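J.: model the following, please.
(chains A, B, C and D)
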Protein chains: 4
Amino acid sequence: MIEASAESGFTKQLSYGMVGGGPGSFIGDVHRKSINLDGLARITAGCFSQSPEKTLETGKSLGLDNERLYKSYGEMAEAESKRPDKIDFVVIVTPNTSHYAIAKAFLSRGIPVVCDKPLCTEESEAKELAELAKQKKLPFMVTYTYTGNVTVRQMRAMIKKGEIGKILFVNAEYPQEWLLAPAEKQGNKQAVTRTDPALAGKANCVGDLGSHVENMVSYLTGLKIKKVLARLDSIGEGRVLDDNATIMLEYEGGAKGVYWTSQIAAGGDNPFRVRIFGSKGALDWNEENCNYIQVYPFGQPKFTLSRGRDAFAAQASSLSRIPSGHPEGYFESLANIYKVYINALIKLKAGQTPGGDDLDFPDVEMGAEGVKFIGKCVESSQKGSVWVNF
Amino acid sequence: MIEASAESGFTKQLSYGMVGGGPGSFIGDVHRKSINLDGLARITAGCFSQSPEKTLETGKSLGLDNERLYKSYGEMAEAESKRPDKIDFVVIVTPNTSHYAIAKAFLSRGIPVVCDKPLCTEESEAKELAELAKQKKLPFMVTYTYTGNVTVRQMRAMIKKGEIGKILFVNAEYPQEWLLAPAEKQGNKQAVTRTDPALAGKANCVGDLGSHVENMVSYLTGLKIKKVLARLDSIGEGRVLDDNATIMLEYEGGAKGVYWTSQIAAGGDNPFRVRIFGSKGALDWNEENCNYIQVYPFGQPKFTLSRGRDAFAAQASSLSRIPSGHPEGYFESLANIYKVYINALIKLKAGQTPGGDDLDFPDVEMGAEGVKFIGKCVESSQKGSVWVNF
Amino acid sequence: MIEASAESGFTKQLSYGMVGGGPGSFIGDVHRKSINLDGLARITAGCFSQSPEKTLETGKSLGLDNERLYKSYGEMAEAESKRPDKIDFVVIVTPNTSHYAIAKAFLSRGIPVVCDKPLCTEESEAKELAELAKQKKLPFMVTYTYTGNVTVRQMRAMIKKGEIGKILFVNAEYPQEWLLAPAEKQGNKQAVTRTDPALAGKANCVGDLGSHVENMVSYLTGLKIKKVLARLDSIGEGRVLDDNATIMLEYEGGAKGVYWTSQIAAGGDNPFRVRIFGSKGALDWNEENCNYIQVYPFGQPKFTLSRGRDAFAAQASSLSRIPSGHPEGYFESLANIYKVYINALIKLKAGQTPGGDDLDFPDVEMGAEGVKFIGKCVESSQKGSVWVNF
Amino acid sequence: MIEASAESGFTKQLSYGMVGGGPGSFIGDVHRKSINLDGLARITAGCFSQSPEKTLETGKSLGLDNERLYKSYGEMAEAESKRPDKIDFVVIVTPNTSHYAIAKAFLSRGIPVVCDKPLCTEESEAKELAELAKQKKLPFMVTYTYTGNVTVRQMRAMIKKGEIGKILFVNAEYPQEWLLAPAEKQGNKQAVTRTDPALAGKANCVGDLGSHVENMVSYLTGLKIKKVLARLDSIGEGRVLDDNATIMLEYEGGAKGVYWTSQIAAGGDNPFRVRIFGSKGALDWNEENCNYIQVYPFGQPKFTLSRGRDAFAAQASSLSRIPSGHPEGYFESLANIYKVYINALIKLKAGQTPGGDDLDFPDVEMGAEGVKFIGKCVESSQKGSVWVNF
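T.: Down below sits the predicted model:
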């Protein structure tokens, strides 16, 4: 045993609660594991399901005290906000249509919110949440996971520095294959959640994947969308919502783009690919191979930037946990945005004011942009694929 | 010396003439080399340039007799058509706007034509050429090179057999980078030819690359276009014609698609990529890696078909010249369509009637479809990206 | 709050201690993060450095009680073994030459050991540790990280099932580039640890990388080495130990192999690649792309198995945490072997007897094989690259 | 018709003869097509088979005069050497064991020789041929095809310029799969030729593939082998000669290397891969992807050099026929060495003295080195894998 004269300098773990993420839920467990990775916060409360029995089951398996397992998110928000050891933030991983009400319940009681994307289903609700968070000065993260990727942060830094010049064209795609089968009729819970308007809102594919694409391009480039023209297809038999979407875009300043997302494209593991073409060169990124960036400087040989091997901007390299060649992946990306978010909360608790890169997590404003984007795409498609101003 | 009792069974080489392909021309030499590969035809006549001196220079370097070097294509068509040893076919490799008149001159005098793509610049001219060829019963090839690729022919066979099921969606792209620089102002002859409406016609990028994409998808799938919606961008400063194009399509029968072609996309070596998504699986092909086909059967592991290694349909494997692993490329593709075309002429000369796979070269009907496609894209774009029926 | 009638079914987290892993240590933090991922154990004690100040610093940052921070591993082993809440296992992440003594100290006091690889530097010591662990019935893991990879476990299952037939030849390589620079003279702590015989033992490159290769091939195939012929090169100026190694092998049963490891091969991110060639097909795996297996069935198209997309054996798929396309990487692999190891300890604590796949972690016997392999390679090389029986 | 005042400046095609390459022969046709590509020479004579009927059949199909079809290579050498229009060179594409006698017959009668590799089967014969060619001042090419690749020539230029520094290690491999089946018992003519000592000589795999590897490394780097240690395996049942070979090398100057060639490695399309590791960086090349060079500069991002896109040395770029992205492959490589060789003959005929890059074709000295290499590998293996001085 070592005797220490001074008091501990340890920054105590934060505590968090979760709404959703009960038995059979996939994404709740993913969030919990990602938060675990760095050990900056631990779960202490939850309303994991609308069924108290299921909440109890999940709570037990996580070692939580029964008194912090709740029958409803409302009860949870109310009870937690009054505890001296209340949760430092809440994570919402429920179906899309419920995000708004849950987020509002916690925000209005002073509890910071992390919400799965899309933020909600109506533009007006999104605005309201953004305003509430601003008014209450509560950090609000929408978990656009991929922006946490180290290579994504490096590309953003490169674009800001002008390394590819003025952006001319963007081509982004996110084709999946899982809904080529009628999975929603085969007992796949996630397929039901995505394809039922009552749970998913007004869009499926463009809501789930399109919003990732919109956010990624926006995060990387800072481009603002001026107008969109979309065709949303419902290819799977009997589907009401879209499962394939083609979107043409024009950005402020004149750049153009095309996005394609699909859930019926055989062969797609999950190949979220973004290419940004500029006047001096281009960047090419694919989540499936997310430890590398392909760089295409015009007139020079194409090269590869490797996370952990090559020199990255500080804001990117600081999030890398392991040397080159050892892959980092999805969990590390999600852990990264949580790391930034939790560190911002820690600063706030310590009476400091986080700023600049301290706040480099996908926030509620980005979430609101995503909701707007989904709405505009649906509108354009319903009108026969016409241009809709943003 | 071996004494042979019987007469030679040798099929004498055919002879051909060329219009265009003089000094400094790139594509003419490529055609000559590709025809050389199999040795089925040799060049005997030409009008390689509007300048007789240049025609003479090229003619000499090819070892041609002066008496078969011509001052104009008109003189050449007239003179050759009257010779007992007249050329068996003519190859036209001049700027787009001149194709129609030249092709007509030879066709009308009974000489089979091979014409670089696009066939011509006006839909009405294209129809006329197609009708003339039909009426004269002259095989007419438009050199959509890539359809000669062994893997392309294999994919076509697979789609016909239903191996990927009903086609749902097509994503094809052909992004180049060379016009990111103002090459037409820097003395690049090909750039001038492509970007000057007087030489290129009403389109540049969608004319050059878009017509390849249209032809490839049509050849592979047999899908007929129902309507298109296009945005043609002129991104390079001072450009009149398009150098970037995004096209949404609907095909007869309900399948959908998106095409993207560009000449300002940094990093593009020449990555002509086509993906066909069906109800049972998908095919993915890229010219840069054209000895392989990526196959994505839904619910089964993805696999790679390798030219020369794996079992291919007869109509594909018969065109392969070398075992697996040894790459075949551009010259072999172009040589393949010439091989089919020349063999069809040989059959005709022998009094036989070529049919079926004998005629599996890109013909004047395909050329006319391409011209129509270009026109419809230009029309849609000019109207603000609206749907235009095909 | 939910009232529950029954007692908690929660399996309490295990607790562990760590020797090594102080300030500036890279690998200690990697182990801690990997254990965090699943949350099955938490750190409660440590001797992180030979310097008590540094142990204190690391202990504070981890939130440990001072009374469980120790001046020496000996003190720690003694004190922990006597506590009622003693650690459930110890993790040793110190330089190679110290592993033996530390592991022995904990084992002999009844505490299960996880030791970084190589297990130790002398074959006799390795045997002693293996025997001690057996005698004390204490699970002992040597952290050959890569065997925890989901695709590695799938390949092992495929080979066992005979899917590639009888193994004929193995080609494995692990080339790195970092010691192309004289890093040990430039203040790189890890480079000093690897290249100084006092810290690394009798080998550097073959000790670090060669032992990974040996273990991986052995784990995948079950092949036993019959004899080796090695050339160990010291290419970096002034280096005593090897930084490049070529090894020819013959296995029991007649299969042959070649291994190459290097630390002076420019360009190597960390490309640990293993190819197993059998009479019916081959498998090809690369850590840099570790979510995929390339499968080469003889006479059939080559295919790719994708973690999360394709059907894997239960023992592999049970360790996958996220669907296809979302990469898993290094942390997940290390977390996987910890998960298996910790679950085995939990079973033991619960009075059960783990067996079969419960014990599918890299154990002390594998560690001892690795030490033997290193010794035989050094012996062969010192004798001029002659065959040495295993 | 254009009237020309001056005489033709056309460089008349050379003419060549061929020994071997009759019906069912694969490689003879490949040589003929490759020579066709540039049209610099045409075939006029041949002894395509030991059977006159077969020679007649092939001769007819090629349109040759019967009087230049011969019953034996001896008759051909004798008759051609006396003709005023005798062949400018002969191409030998017969089984290995016959190369020596045929080459000698033509050389001694003053006819330049192109011989398939390996040059012959005995070191003494190789020396004799090299001396004879030197004495007669006849250009003699051994068709190591791959050295004709544009990217290979670029890599050679880069290494000469010191771009990767001092060479430290070479790793080269050429694994094929075709003899995993007992092809020689299944009527595969080439398999019989390779595996029967009477036709192949003392080695199979190391003779066919190993000699390519030896030549490529030598051509690229200029390294001279100091000693070799080899293990030649006969894995296929009943095989006398090797079908798998592992070779360790030491070069003059201290660099080291390892080569692996195989014919029993499932999955190998034909992946001839060479990696050269130097003190400043490394080069990585694979025939399957032969339009690209992977460059790994130490401490800088890895990049790709693309034939036709990136700036290449003149000696390389001058052999490229088509822009970037359009693949060139095997035929172009073989055509390239023929182009250099034929141009050297043309210079000689014109009374000029070819020198420098004019002679940059694989010559008889390289052929002799290859024969020596095969012999030394066989010797080392037979002695139990011991070091054999070169």
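
J.: count of residues packed around the closest residue to A:Lys160 other than its chain neighbours?
T.: Distances taken as Cβ to Cβ, 6 or more residues apart in numbering or on different chains put A:Gly222 closest to A:Lys160, at 7.7 Å, once the chain neighbours are dropped. In short, each C-beta sits where N, CA and C put it, glycine included. By other Cβ atoms under 10 Å in any protein chain shown, 14 other residues sit near A:Gly222.

J.: ramachandran coordinates for A:Gly222?
T.: Dihedral pair for A:Gly222: phi 70, psi 0, per degrees, to the nearest 10.

J.: mind pulling up the pLDDT for it?
T.: We have a pLDDT of 97 for A:Gly222.

J.: swap in A:Met1?
T.: Reading off the model, A:Met1 has pLDDT 65.

J.: swap in A:Ala4?
T.: Listed pLDDT for A:Ala4 reads 55.

J.: what does A:Pro323 give?
T.: Note for A:Pro323: predicted pLDDT of 88.

J.: so it, which state does it fall into?
T.: Following DSSP: H, G, I helix; E, B strand; the rest coil, we place A:Pro323 in the coil state.

J.: give me every residue that touches it.
T.: Applying Cβ atoms under 8 Å, 6 or more residues apart in numbering or on different chains, we find A:Pro323 in contact with A:Gly308, A:Arg309, C:Asn270.

J.: tell me how far it lies from C:Val30.
T.: 10 Å (Cβ to Cβ, to the nearest Å).

J.: same question for A:Ile247.
T.: A:Ile247 is 41 Å from C:Val30, where distance means Cβ to Cβ.

J.: how about the spatially closest residue to A:Ser81 that is not a sequence neighbour, what does it touch?
T.: When the adjacent residues along the chain are set aside, A:Ser81 lies closest to A:Arg109, with 3.8 Å between them (Cβ to Cβ, 6+ apart). Residues in contact with A:Arg109, defined by Cβ under 8 Å, 6+ apart, are A:Ala77, A:Glu78, A:Glu80, A:Ser81.

J.: just the ones of these in helices?
T.: Counting by DSSP state H, the contacts of A:Arg109 place A:Ala77, A:Glu78, A:Glu80, A:Ser81 in helices.

J.: out of those residues, who's nearest B:Ser279?
T.: If you rank the ones in helices among the contacts of A:Arg109 by distance to B:Ser279 using Cβ to Cβ, A:Ala77 comes first, at 46.2 Å.

J.: could you check how many residues crowd around the closest one?
T.: If we define neighbours as other Cβ under 10 Å, then A:Ala77 has 26 of them.

J.: in a strand, A:Ala368, correct?
T.: No: read with three-state DSSP, A:Ala368 is helix and lies in no strand.

J.: tell me which helix or strand the closest residue to it other than its chain neighbours sits in.
T.: Excluding its sequence neighbours, the residue lying closest to A:Ala368 (Cβ to Cβ, 6+ apart) is A:Ala126, at 3.8 Å. Following DSSP states H and E, one finds A:Ala126 within helix A:123-136.

J.: contact partners for the closest residue to chain B within the stretch 1-150 of chain A?
T.: Closest contact between the stretch 1-150 of chain A and chain B, by Cβ to the nearest Cβ, is at A:Phe26 (19.9 Å). With contact taken as Cβ under 8 Å, 6+ apart, A:Phe26 is in contact with A:Gln190.

J.: ok, it to A:Asn188 distance?
T.: Distance from A:Phe26 to A:Asn188, by Cβ to Cβ: 11 Å.

J.: also A:Ala313?
T.: 40 Å.

J.: quick one: contacts for the residue nearest the centre of chain A?
T.: Of all residues in chain A, the one closest to the mean position by Cα atoms, centre = their mean is A:Tyr144, 1.4 Å from it. Shown in contact with A:Tyr144 (Cβ under 8 Å, 6+ apart): A:Lys117, A:Ser211, A:His212, A:Asn215, A:Met216, A:Tyr219, A:Ile337, A:Pro362, A:Met366, A:Gly370.

J.: mind giving me the packing neighbours of whichever strand or helix holds A:Ser211?
T.: Secondary structure from DSSP H and E places A:Ser211 in helix A:211-221. Here helix A:211-221 touches helix A:150-160, strand A:167-175, strand A:256-262, strand A:273-278, helix A:364-382, going by 3 or more Cβ pairs under 8 Å, 6 or more residues apart in numbering or on different chains; DSSP states H and E.
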